[in-house]
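Q: Quick one, fold the following:
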Amino acid sequence: MMIPACRLVDLSRGEAHRLDIDPPVSVFHTDDGELFAIDDTCTHQDASLADGWLEGCEVECPLHASKFNLKTGAVDAPPAKLPVRTHEVFVEDGMIYVRLSTAAPNLPPCIAARLAGGVA
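A: A predicted model of the protein is given here:
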């Protein structure tokens with residue numbers, strides 16, 4: 001599925017834009033001008049990675065300082081153990097689009113239960 005995220009001119013370098021879908025996805029615009037999209041929720045605990053700190057090609061979770069590689073989704077610093085999903089990003093006519101991954105997301109238990117219809 002392809003989703004329009006925002007206009008490129010509206011996403012400054014060093015910033016993130018969160019897409020409020022289930023589960024949420026964030027687009028990051030690095031200081032080097034690269035664009036990446038990953039699942040927005042830290043795999044350790046329910047925290048928005050868009051609210052974290054972007055440095056190079058990593059984002060640090062604002063809750064417990066887990067770091068995720070924006071290119072691969074891999075965990076670069078604990079306490080998170082599971083990677084986040086990455087998504088394809090492209091720009092067409094000045095608009096940033098995200099093509100969602102078909103892989104299953106790695107979500108913290110409280111979010112996984114909510115999406116499955118359970119109580120979190």
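Q: Ignoring the adjacent residues along the chain, who's closest to the most centrally placed residue in the chain?
A: Nearest to the geometric centre of the chain sits residue 38, at 3.0 Å (Cα atoms, centre = their mean). Of all residues not flanking residue 38 in the chain, residue 84 sits nearest, at 4.7 Å (Cβ to Cβ, 6 or more residues apart in numbering). Quick note: C-beta positions are derived from backbone N, CA and C, even for glycine.
Q: right, and the one you found touches residue 49 too?
A: Yes: look at residue 84 against residue 49 with Cβ atoms under 8 Å: they come within range, at 7.3 Å.
Q: And what about the residue nearest to residue 5 when sequence neighbours are not counted, helix, strand or coil?
A: Nearest non-adjacent residue to residue 5, counting by Cβ to Cβ, 6+ apart: residue 96, 4.4 Å away. Here residue 96 takes the strand state, with states given by DSSP: H, G, I helix; E, B strand; the rest coil.
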